[in-house]
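Asker: sequence plus predicted model, see below.
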Amino acid sequence: MPVNGLMATLGSEVRARRASLSLSQQDLADLAGVSERFVRFVETGKSTVQLEPLLAVLDTLGLELSLRQAGLPAASEIASESAP
């Protein structure tokens, strides 16, 4: 998935989770220790947001970011399949 598509998806998820918690962008920013502008950038899918503040926003919302190799199972999936 291209970076812009990934960030747009991430932004939509952040916006939906924030709304489900009835938080304003400013509320989320205050809780995560970032600026309201940063929250706006995340929610609009800006592709150049910094990772550390992004992780703070996700943590505040009870979300996490995970990575795996595209098209292949994650290492944790492989490990669980081979465990007795």
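Answerer: Alright, I've got the coordinates.
Asker: biggest helix in this structure, by residue count?
Answerer: helix 3-20 (DSSP state H).
Asker: pLDDT on the next helix or strand after that one, on average?
Answerer: Downstream of helix 3-20, the first helix or strand assigned by DSSP states H and E is helix 25-32. Averaged across helix 25-32, the pLDDT comes to 98.
Asker: which strands and helices sit next to helix 25-32?
Answerer: helix 36-43, helix 51-60 (3 or more C-beta pairs under 8 Å, 6 or more residues apart in numbering; DSSP states H and E). Every residue, glycine included, has its C-beta placed from N, CA and C.
Asker: please name the nearest non-neighbouring residue to Leu55.
Answerer: Leu65 (6.7 Å; C-beta to C-beta, 6 or more residues apart in numbering).
Asker: hmm, Val57 and that neighbour touching each other?
Answerer: No: with contact defined as C-beta atoms under 8 Å, Leu65 does not count as touching Val57 (10.3 Å).
Asker: low pLDDT regions in the protein?
Answerer: 1, 74-77, 81-84 (pLDDT under 70).
Asker: buried sites along the longest helix of the chain?
Answerer: Across helix 3-20, burial judged by 16 or more other C-beta atoms under 10 Å covers 7-8, 10-11, 14-15, 17-18.
Asker: quick one: Leu31 from Leu67, how far?
Answerer: Using C-beta to C-beta, to the nearest Å, Leu31 is found at 25 Å from Leu67.
Asker: the more surrounded of these two?
Answerer: Leu31 (15 against 6; other C-beta atoms under 10 Å).
Asker: now that one, nearest residue through space, not along the chain?
Answerer: Thr60 (4.9 Å).
Asker: who's in contact with the one you found?
Answerer: 28, 31-32 (C-beta atoms under 8 Å, 6 or more residues apart in numbering).
Asker: which of those sits closest to Thr44?
Answerer: Thr44 lies nearest to Leu28 out of the contacts of Thr60, by C-beta to C-beta, at 14.0 Å.
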